[in-house]
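> okay, predicted coordinates and the sequence, questions at the end:
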Amino acid sequence: MTKDDLQKEDVDVSSLILSILKESEPILIEDLYRLLKQRYGIGRVEAGKHLIELCREGKIKSYRYYYVKRTC
Amino acid sequence: MPFGYNGKILRVNLTDNSIQIERPDENFYRRYIGGWGFIAYYLLKEVKPGIDPLGPENKLIVAPGVITGAPIPGSGRNAIGAKSPLTGAFGASEGGGYFGAELKHAGFDCIIIEGKAESPVYLWIHDGEAEIRDASYLWGMHIAESQEAIRRELGDRLIRTAQIGPGGENLVRYACVINDLKHSAGRTGMGAVMGSKRLKAIAVRGHSRVKIADTERTLKIAKEMVDRAAAKPRGAGGVEWGLGTGAWMTAHVLSGNLPTRNFRDGLFENPEAISAQTIKETVRVKMESCYACPIRCKKVVKVDSPWKVDPVYGGPEYETLAALGSNCGVDNLKAICKANELCQRYTLDTISTGATIAFAMECFEKGLLTERDTGGIKLTFGNAEAMVKMVEMIGERKGIGDLLAEGTRRAAEKIGRGAEKLAVHVKGQEVPMHEPRLKRVLGLGYAVSPTGADHVHNLHDTAYADPEAWAGVKQLGILDYAPLEDLGVDKIRLLIYNVYWKILDNCLVICSSVPWSYKKKVEILSAVTGWETTSWELMKVGERVLNMARAFNIREGITAEDDWLPERFFHPQTSGPLSKVSVKHDELKEAKRIYYRMMGWDEETGVPTRGKLEELGIGWVAEDLKLVNYNISARNNLTSKDAS
């Protein structure tokens, strides 16, 4: 999926994050932000809000402080 | 005179306008080193128990360290100390910039400021001389204006300053002293002590250089430290290098470590809105450094609207971003930058300012404060405009700002009706922006710190959570890994050893942003002074000074009961990873007992034993302060309380 696809399809950022975490978990939070920016043009402020929401929902959690991983 | 020092201590009495120069012997320097060591010595020797911290009997000690002013990265700092008006205990804080180095270049190792001026003055120190000058026309100015006026008056653009703004003049109990407009000696209210003496500023200029025993060796070590810092392609957690503090906001939230809405809630919703990365992308104009330091960790920000933020006052550090941001529920970066700038203008500690506003916001939410109290301001969590307004009102002591200028402990006592349970402080000092429900040994460190809660002379459990990171601990003789949540004997031992080194840092007054190893600290001190010192000797300096600060507090009536955490931490956060985690009374009590025992203090009262003080070469503390009697009476008090 590209930046253009994202704009066309109005893709949910949380789903994207979960799909990336499925690829390689755990992942450095910084690497996750870089991937979201490079692949999809999603900025860290927007991505950060979704990460916190996913944590609230219990779908992700902190790992060794600087990493994050899926719980489901 | 030993190398590294000038061999001269300046004593200034503002009551009778006298100025004296004292020349201590080499053993004095080697025993106490500088910074906190000098502060602890003069406070114990010269400040009588029970005095008003804002009265003329208090003494303000300005002390750089032995390597301050030498061409070594992280050596541009100085400490400043007195009896704290915020805690009533040992007060000390450290600031960077160029002032400390310039003071050494001007010929002095320490300034002792006594008494109280009749009208506002400033102190002008230059090339081995000092004079007290009129500052009536400077009083009330923000510090950029007063620095400019001083430089103009004295005709030298390179004069360095340590100053107070209106916050210090108005005796805000957590007012700080700021070097060179943007480097705060933030904690314990030293700006209020300066204000109480009607001392607006210390201006310094010097042309001498620090005399070094082995210049070649010193420069070699300095270069190694520069290379070590420069060799890091990325910071911890893979963040971009060169962002300064505040670059790990999401990691903090996901682990429960970002204080949110007065340390009550768990998940701050918008962490990256207030991160160092976002600062870089939006409001940062450059990075700056301190004297002789290549690291350039200090942000400078500029905002034009809706608030105008003057870059001359630098930019917010992590503690500020959290204290005035997440802890107040505020995710408006420009508002935080403005609040930070106001704290600099008024010289307010951003941690205590943010924590006190957060406390007031929770009081407002619970109806303990109303719009009648706030002058119509809706002081709700997340209200950025209200947060900014509060900073100004505190600095001016206007309206409710007058109450909040007293700090959370005193404000809570005045508000009453349970407000005390919302006041997040230790010994009266507001808790810094690190979470003791996650970092459990840090929590113990908060509780037993002589200055009240402090995050610098402490241990951050998360730094040792990874077994690989534990490798660095083995050189201290602690061989078995202890996980993040551990609060056992080895972890407490690690806290103690680490704090000795941190207190030593406060005596050398070196910056913790420079990656000094234990070994390198020994090497640099040997190279600069010519003393072939050892880790053993330096750790004992840290232990000695920690015991002196402890003794000062005992003399002031501070007891083992004050070594405790605020009520908030005995309850879980409302959401997130720490929603089922809290500090347990029994565990903290036991950890404190172990800590006292390891320190060689009375297990119940926390009073240093005579034997421990003698072992540290400061038996005079026991003699002068009659600590043995304190020990007995404190024990009797505890016994009678238990009996009742």
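Yes, it's here. Numbers count the residues shown, from 1 in each chain, chains lettered A, B, ... in the order given.
> show me the shaky parts of chain A.
A:1-10, A:24 (pLDDT under 70).
> up against chain B, what does it have?
Within chain A, the positions adjacent to chain B are A:28-31, A:33, A:44-45, A:47-49, A:51-53, A:55-56, A:60-62, A:64-66, A:68 by CB under 8 Å from any CB of the partner chain. Using the backbone N, CA and C atoms, a C-beta is placed for each residue, glycine as well.
> take those residues and keep only those in strands.
If you go by DSSP state E, the residues of chain A next to chain B have A:28, A:60-62, A:68 in strands.
> which one of these is nearest to residue B:31?
Residue B:31 lies nearest to residue A:62 out of these, by CB to CB, at 44.8 Å.
> how much space between that closest one and residue B:250?
Distance of residue A:62 to residue B:250, computed by CB to CB, to the nearest Å: 9 Å.
> okay, the two: which has more neighbours?
Using other CB atoms under 10 Å in any protein chain shown as the criterion, residue A:62 and residue B:250 rank with residue B:250 on top: 29 against 23.
> that one reaches residue A:29, doesn't it?
Yes - assessed by CB atoms under 8 Å, residue B:250 is found in contact with residue A:29 at 5.2 Å.
> now the common contact residues for those two.
residue A:51 (CB atoms under 8 Å, 6 or more residues apart in numbering or on different chains).
> which helix or which strand is home to the residue nearest to the spatial centre of chain A?
The residue lying closest to the centre of chain A (CA atoms, centre = their mean) is residue A:17, at 2.6 Å. Using DSSP states H and E, residue A:17 falls within helix A:13-23.
> which of the residues in that helix are buried?
Residues A:13-14, A:16-18, A:20-21 are the ones in helix A:13-23 that count as buried (16 or more other CB atoms under 10 Å in any protein chain shown).
> please render the residues you listed as a markdown table that adds distance to residue B:557 to the earlier fields.
Output for those, formatted as a markdown table (distance: CB to CB, whole Å):
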| residue | distance to residue B:557 |
| --- | --- |
| A:13 | 56 |
| A:14 | 55 |
| A:16 | 59 |
| A:17 | 54 |
| A:18 | 57 |
| A:20 | 57 |
| A:21 | 55 |
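> sec struct for residue B:203, please.
strand (DSSP: H, G, I helix; E, B strand; the rest coil).
> for residue B:494, see how far away residue B:589 is.
Remark: distance between residue B:589 and residue B:494 (CB to CB) = 20 Å.
> looking at these two, which is more packed in?
residue B:494 (20 against 11).
> and the residue of the stretch 401-550 of chain B closest to chain A?
With CB to the nearest CB, the shortest gap between the stretch 401-550 of chain B and chain A falls at residue B:462, namely 5.3 Å.
> contacts only, for that residue.
The contact partners of residue B:462, by CB under 8 Å, 6+ apart, come to A:65, B:255, B:257, B:438-439, B:484.
> filter the residues you listed to the buried ones?
The buried subset of those - by 16+ other CB under 10 Å - is A:65, B:255, B:257, B:438-439, B:484.
> and which of the residues you listed is nearest to residue B:376?
Checking those against residue B:376 with CB to CB, the nearest one is residue B:257 at 35.4 Å.
> right, and that closest one touches residue B:436 too?
No - counting by CB under 8 Å, residue B:436 is not a contact partner of residue B:257; they are 9.9 Å apart.
> looking from chain A, tell me which residue of the stretch 251-400 of chain B is nearest.
residue B:272 (3.5 Å).
> does that residue touch residue B:280 like I think?
No - using CB under 8 Å, residue B:272 makes no contact with residue B:280, being 11.7 Å away.
> these two - which one has more neighbours?
Higher neighbour count among residue B:272 and residue B:280: residue B:272, with 23 against 17, using other CB under 10 Å.
> could you look up the SS state of the more buried one?
helix.
> for residue B:253, same thing?
Classified using three-state DSSP, residue B:253 is helix.
> grab the nearest non-local neighbour of it.
residue B:271 (4.7 Å; CB to CB, 6 or more residues apart in numbering or on different chains).
> residue A:25 now?
Per CB to CB, 6+ apart, closest to residue A:25 is residue A:69, 4.3 Å.
> if we can go back for a sec, next up, the contacts around the residue of the stretch 251-400 of chain B closest to chain A.
A:44-45, A:47-49, B:249-250, B:278.
> nearest to residue B:115 among those residues?
For the contacts of residue B:272, with residue B:115 as the reference and CB to CB as the criterion, the closest is residue B:249, at 45.5 Å.
> let's see the pLDDT reported for the closest one.
Model confidence at residue B:249, given as pLDDT, is 98.
> okay, now it: neighbour count?
For residue B:249, the count of nearby residues is 28 (other CB under 10 Å).
> among the residues of chain A next to chain B, which are in helices?
Those of these mapping onto helices are A:29-31, A:33, A:44-45, A:47-49, A:51-53, A:55-56, per DSSP state H.
> now those in CSV, with neighbour count and distance to residue B:288?
Putting those into CSV (neighbours: other CB atoms under 10 Å in any protein chain shown; distance: CB to CB, whole Å) gives the following:
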residue, neighbour count, distance to residue B:288
A:29, 26, 27
A:30, 23, 24
A:31, 16, 29
A:33, 22, 26
A:44, 24, 24
A:45, 20, 25
A:47, 23, 30
A:48, 26, 27
A:49, 19, 31
A:51, 28, 31
A:52, 23, 32
A:53, 16, 36
A:55, 24, 35
A:56, 14, 38
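> out of those residues, flag the one nearest to residue B:64.
residue A:30 (36.7 Å).
> quick check: that closest one touching residue B:241?
No - using CB under 8 Å, residue A:30 is not in contact with residue B:241, being 11.6 Å away.
> which neighbours do the two have in common?
residue B:234.
> gap between the helix or strand that contains residue B:21 and the chain center?
Using DSSP H and E, the element containing residue B:21 is strand B:18-22. Computed by CA atoms, centre = their mean, to the nearest Å, the separation of strand B:18-22 from the middle of its chain amounts to 28 Å.
> what about that strand, average pLDDT?
Strand B:18-22 carries an average pLDDT of 98.
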